[in-house]
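1. model this:
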Amino acid sequence: MPPEGRSSTSVLRTGFLSFRSESFGTPSRRIGFFFFMVVYIFQGYIVKLNYLIGWIEKINYYSCMYNCLLLYRDWVEQASWHLRKEVLAVTYELISTFVTLAKTKSFTKTAEEVFCTQSTASLRIQALEEAYGIKLFHRMGKQVQLTEAGEILLPYAELILSTFREAKERIDQLKNLSCGKIDLISSHTPGTYILPKFLAEFKNAYPGVAINSHVQHAKTVIQELAEGNRFDLGLVSQPWPVEDPRLHCRYLMEDRLALVVSPNHLFARYREIELKALGQETFLISNSASSLVDYLKRLAKDTLEFQKVTIVGNAEAVKKSVKMNLGISILSEYAIQEEVEKGELVKIKLLDAEARRKIYVLERKKRIPSPATLAFTAMLFERMGKKDSRNYQ
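-> Residues are numbered from 1 along each chain as shown. As a prediction, this is how the structure comes out:
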């Protein structure tokens, strides 16, 4: 290392000045001094390099320790899960063997009924006696008889086995769709005009499944699914996909929109009309949270400005108001099909735009769907000729 207070550069400069002087005499002495200076200078860099290598080795050491801890954590989690499964299985087997032995009073017959060896049946009873710290059976040769402690335990053990069997039966029924429940929430168009036929079909196929269907405004549907755990599934009709990070949103089908007027309205004589012509009319919508007005303005590229927008409550109220010639509206073709066929409403095509929304299926992320919910969504997508793309794992 260079002397204290002197840098390697100053030492090198001094050395070379001396090297050029006549005091070094012979060339061999000069060559030796040259190599001495080179070693002297690089000695400092070698020390620094060793220091850096030491730090790299420490980093590698701590990295290896961290990876080992991660592997140990995974191993503990897996081992604890398998241990819990074994404890549950052993507990059920112990109780089952105990109840069977109390009934048969013979280890030989008990082993046959619970499908194990006689020695295994004996070990299970011993384990149960050790767990309670008291003898449960009197051993009298080949026969056994319950002790007072065994008599106390027997009804509880029978209740445990009965509860296990009942739980298994209920779960099997749930998996087989013999029972179950689906709580649905939908906006007005899918909930009123589209879902009922699918609900009827599903109910006929699985009469044991209870279905509760609720109809709300689209924003309420989204809020209920995103913030609560009450509903399994939701359907909304929207111009755009729902972009809530808490929800899965899947496209199901198109929802075509149509301009509807009363047969007595001035527009009823036209088959087609420009979108911007609607601005001078009283435009009826179902609720203040409706995205319809903003969607129509965007569709008309901001050439449409409604002079008067009236809120009337819901789609049925809108239709009745239009029939009474209180205004015009744009509604789903699913909602107006019956009234148009009867001549109570007139459907008019828009010249410069094709208004449509899309119906989306919504589910809360990380919520595990029930077998009934899985079956219902699968039926919905199958009827629409689509594949259910949701990954439920």
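2. Can you mark which positions in the helix or strand harbouring Lys297 are buried?
-> Assigned by DSSP states H and E, Lys297 belongs to helix 292-299. Using 16 or more other CB atoms under 10 Å as the test for burial, helix 292-299 gives Leu292, Tyr295, Leu296, Lys297, Leu299. Where you see a C-beta, it was placed from the backbone N, CA and C, and this is true even at glycine.
3. before we move on, what about stretch 305-317?
-> Across stretch 305-317, burial judged by 16+ other CB under 10 Å covers Phe306, Val312, Ala315.
4. try stretch 112-132
-> Buried residues in stretch 112-132, counted by 16+ other CB under 10 Å: Val114, Cys116, Ala121, Ser122, Arg124, Ile125, Leu128, Glu129.
5. for stretch 377-384, same thing?
-> Judged by neighbour count using 16+ other CB under 10 Å, the buried positions of stretch 377-384 are Thr377, Met379, Leu380, Phe381.
6. How about stretch 345-365?
-> Buried residues in stretch 345-365, counted by 16+ other CB under 10 Å: 345-346, 348, 350, 353, 355-357, 359-364.
7. returning to that earlier point: could I get the buried residues of stretch 112-132 in a markdown table, plus columns for secondary structure, distance to Leu136 and pLDDT?
-> Compiled in a markdown table, the buried residues of stretch 112-132 are given as follows (DSSP: H, G, I helix; E, B strand; the rest coil; distance: CB to CB, whole Å; pLDDT from 0 to 100):
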| residue | secondary structure | distance to Leu136 | pLDDT |
| --- | --- | --- | --- |
| Val114 | coil | 16 | 91 |
| Cys116 | coil | 18 | 91 |
| Ala121 | helix | 13 | 92 |
| Ser122 | helix | 12 | 92 |
| Arg124 | helix | 11 | 91 |
| Ile125 | helix | 7 | 92 |
| Leu128 | helix | 7 | 90 |
| Glu129 | helix | 5 | 90 |
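8. Which single one of these is nearest to Glu201?
-> Val114 (45.4 Å; CB to CB).
9. Just to check, the closest one is in contact with Glu93?
-> Yes: using CB atoms under 8 Å, Val114 is in contact with Glu93, at 7.3 Å.
10. returning to that earlier point: what is the nearest of the buried residues of helix 292-299 to Tyr334?
-> Relative to Tyr334, the closest of the buried residues of helix 292-299 is Leu292; by CB to CB it sits at 15.0 Å.
11. Would you confirm that Asp183 belongs to a helix?
-> No: with DSSP: H, G, I helix; E, B strand; the rest coil as the criterion, Asp183 is strand rather than part of a helix.
12. Can you name the residues that contact it?
-> Asp183 makes contact with Asn212, His214, Arg230, Phe231, Asp232, Leu233, according to CB atoms under 8 Å, 6 or more residues apart in numbering.
13. for Ser187, same thing?
-> Going by CB under 8 Å, 6+ apart, Ser187 touches Val215, Gln216, His217, Ala218, Val221, Leu235, Val236, Ser237.
14. Filter the residues you listed down to the ones in helices?
-> Counting by DSSP state H, the part of the contacts of Ser187 found in helices is Ala218, Val221.
15. who wins for neighbours among the contacts of Ser187?
-> Val236 (30 neighbours; other CB atoms under 10 Å).
16. want to throw the buried residues of stretch 377-384 into a markdown table with distance to Val99 and pLDDT?
-> Shown next, in a markdown table, are these (distance: CB to CB, whole Å; pLDDT from 0 to 100):
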| residue | distance to Val99 | pLDDT |
| --- | --- | --- |
| Thr377 | 42 | 93 |
| Met379 | 43 | 93 |
| Leu380 | 46 | 93 |
| Phe381 | 47 | 93 |
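17. Let's see which of those residues end up in helices.
-> Thr377, Met379, Leu380, Phe381.
18. Show me what the longest strand seen in the chain is packed against.
-> Longest strand of the chain, by residue count under DSSP state E: strand 247-261. When contacts are defined as 3 or more CB pairs under 8 Å, 6 or more residues apart in numbering; DSSP states H and E, strand 247-261 packs onto helix 218-227, helix 315-323, strand 329-332, helix 333-342, strand 346-350, strand 356-364.
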